[in-house]
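Asks: Build me a model from this:
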Amino acid sequence: MRRRNSILVLFIMVCLFSIPAACSSYMNEAASIKGVGWKNMLGSVQYAGGENEVDRIERVDNRNSENITDINNSEKVHSLIQVLMGNDDGRTRADAAMSLGEIGDASAIEPLIKALNDKDDRVRVGAAVALGRICDAKAVNPLIEALNDSVSMVRQLAAFSLSRIGDPRAVNPLIEALDDEEYEVRSEAARALGEIGDPISIEPLIKAFKGKNGETSNLELAIEDLEVRESSSYALGRIGTPAVEPLIKALDDEDQFIRSYAALSLGKIGDNRSIDPLVKVLADEKKSVRSNAAIALGFIGDENAVEPLIGALKDEDWVVRNSATMSLGLIGDPRAVDPLIEALNDENEWVRLNAAKALGEINVPRTIKPLVEAMDDNNADVREAVREALEKLGAD
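Replies: Residues are numbered from 1 along each chain as shown. Next comes the predicted model:
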């Protein structure tokens with residue numbers, strides 16, 4: 001049930017926050033996804049079916065859409081507020097909250113704030129979403145209070161909406177939400193902190209890399225921690241330059257996950273101050289740290305990382321070799337050509353595949369012969385990567 005609710009929340013966020021948002025830039029990608037109705041999404045929580053009062057209002061409004069006026073829109077808002085505040089059916093009140101969020105009229109803010117205390121969790125979900133969509137600072141404190149709601153979906157969407165509004169009053173409450181019992185809330189709180197961008201959240205976000213479950217063999221728990229770590233890394237990348245020195249310091253942390261995701265975050269920021277520290281952790285005892293350091297160096301793209309990455313092609317673990325191969329392709333320095341030609345014979349197919357891709361990116365004519373020879377590889381995906389590389393080199 002919890003996993004299904006997580007998927008539902010993702011779809012709600014994608015479908016509802018499709019307006020251009022000056023309040024939050026990370027919704028731009030979600031804004032391009034269209035075509036799934038919000039009523040269907042919310043209805044999957046618990047919906048008895050049939051037309052309710054909001055459906056009727058929407059139907060009449062759609063029928064008159066060609067002649068709609070500001071007065072008609074105001075009447076619609078008034079009708080929806082009446083439904084939100086007075087209808088006996090929770091589903092209908094939730095629909096009203098959602099519709100008010102879509103319209104975005106400021107007169108709905110106070111009723112929606114009151115709806116954050118509705119006895120029906122569907123209504124509280126709808127109100128949290130709608131307030132984020134209207135994006136008014138009056139909703140900040142009520143949404144902060146909603147971070148303590150008994151229903152995790154409400155807490156998650158409150159964090160999401162606070163990220164859209166971007167008010168610094170939400171920073172400390174969102175930091176507290178990084179310790180929420182539900183990973184979806186922790187993940188959304190981390191992303192929200194990245195959108196607000198206050199440097200005070202840097203250390204708590206780095207701490208969040210540690211996760212709740214450690215080095216667990218439980219796949220579900222590992223995935224939960226992974227999502228929170230990815231969100232925290234995203235957030236630190238959004239904060240940018242102020243996070244560089246704390247992240248460099250975190251490369252020496254005793255916790256492997258902190259070291260690993262600190263490396264990845266430094267790559268997202270792309271500051272050259274992190275090159276030497278990242279090169280150093282290419283020798284870390286944990287392969288995840290070495291791999292993420294190699295990836296980060298590729299993101300930064302500085303030529304000073306080429307020789308260390310060439311050295312990483314000899315790492316005992318194929319994941320590290322693969323990361324180094326991809327990063328050398330990103331940097332595109334001809335010094336990597338001969339080592340990458342050797343990597344075409346690596347025992348791991350992913351390393352061979354990405355070595356071919358990297359050689360195609362570097363685009364040096366003398367790689368044509370070894371690439372032609374690699375067309376005999378026993379892996380079809382590798383052969384396809386080789387073929388694409390040869391095309392880039394203009395080989396027949």
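Asks: Show me what the top helix by length along the chain is packed against.
Replies: As assigned by DSSP state H, the longest helix anywhere in the chain is helix 219-239. Contact partners of helix 219-239 among helices and strands, from 3 or more C-beta pairs under 8 Å, 6 or more residues apart in numbering; DSSP states H and E: helix 183-196, helix 202-208, helix 256-269. Glycine gets a C-beta too; all of them are placed from N, C-alpha and C.
Asks: so what does the last one touch, helix or strand wise?
Replies: It refers to helix 256-269. Packing contacts for helix 256-269, counted by 3+ C-beta pairs under 8 Å, 6+ apart, involve helix 202-208, helix 219-239, helix 244-250, helix 275-280, helix 287-300.
Asks: per-stretch mean pLDDT over those, give me the minimum one.
Replies: Confidence, taken as mean pLDDT, is least for helix 219-239 of those (a mean of 94).
Asks: element containing K357, please.
Replies: Take DSSP states H and E as the rule and K357 turns out to sit in helix 349-362.
Asks: how about the following helix or strand past that helix: buried residues?
Replies: Moving toward the C-terminus from helix 349-362, the next helix or strand (DSSP H and E) is helix 368-373. Within helix 368-373, the residues that qualify as buried are I368, P370, L371, counting by 16 or more other C-beta atoms under 10 Å.
Asks: re the thing from before, ok, and which of the helices and strands packed on helix 256-269 has the densest surroundings?
Replies: helix 287-300 (a mean of 24; mean count of other C-beta atoms under 10 Å).
Asks: ok, so what distance separates the nearest residue to A235 once chain neighbours are set aside from E230?
Replies: Nearest residue to A235 in three dimensions, chain neighbours excluded: G194, at 2.7 Å (C-beta to C-beta, 6 or more residues apart in numbering). Look at G194 and E230: by C-beta to C-beta, to the nearest Å, they are 11 Å apart.
Asks: Likewise for P277?
Replies: For P277, the distance to E230 - C-beta to C-beta - is 21 Å.
Asks: tell me the pLDDT at G394?
Replies: Looking at G394, its pLDDT is 88.
Asks: Which one of the helices and strands packed on helix 256-269 lies nearest to W350?
Replies: Within the helices and strands packed on helix 256-269, the stretch nearest W350 is helix 287-300; the backing value is 12.0 Å (C-beta to C-beta).
Asks: Now whichever helix or strand comes after that closest one: average pLDDT?
Replies: Next in sequence after helix 287-300, counting helices and strands by DSSP H and E, comes helix 306-312. For helix 306-312, the mean pLDDT works out to 98.
Asks: related to what we said a few turns ago, outside of the longest helix of the chain, which residues touch it?
Replies: 3, 26, 183-184, 186-188, 190-195, 197-199, 201-202, 205-206, 208-209, 211-213, 216, 243, 247, 257, 261, 264-265, 268-269 (C-beta atoms under 8 Å, 6 or more residues apart in numbering).
Asks: No more questions from me, cheers.
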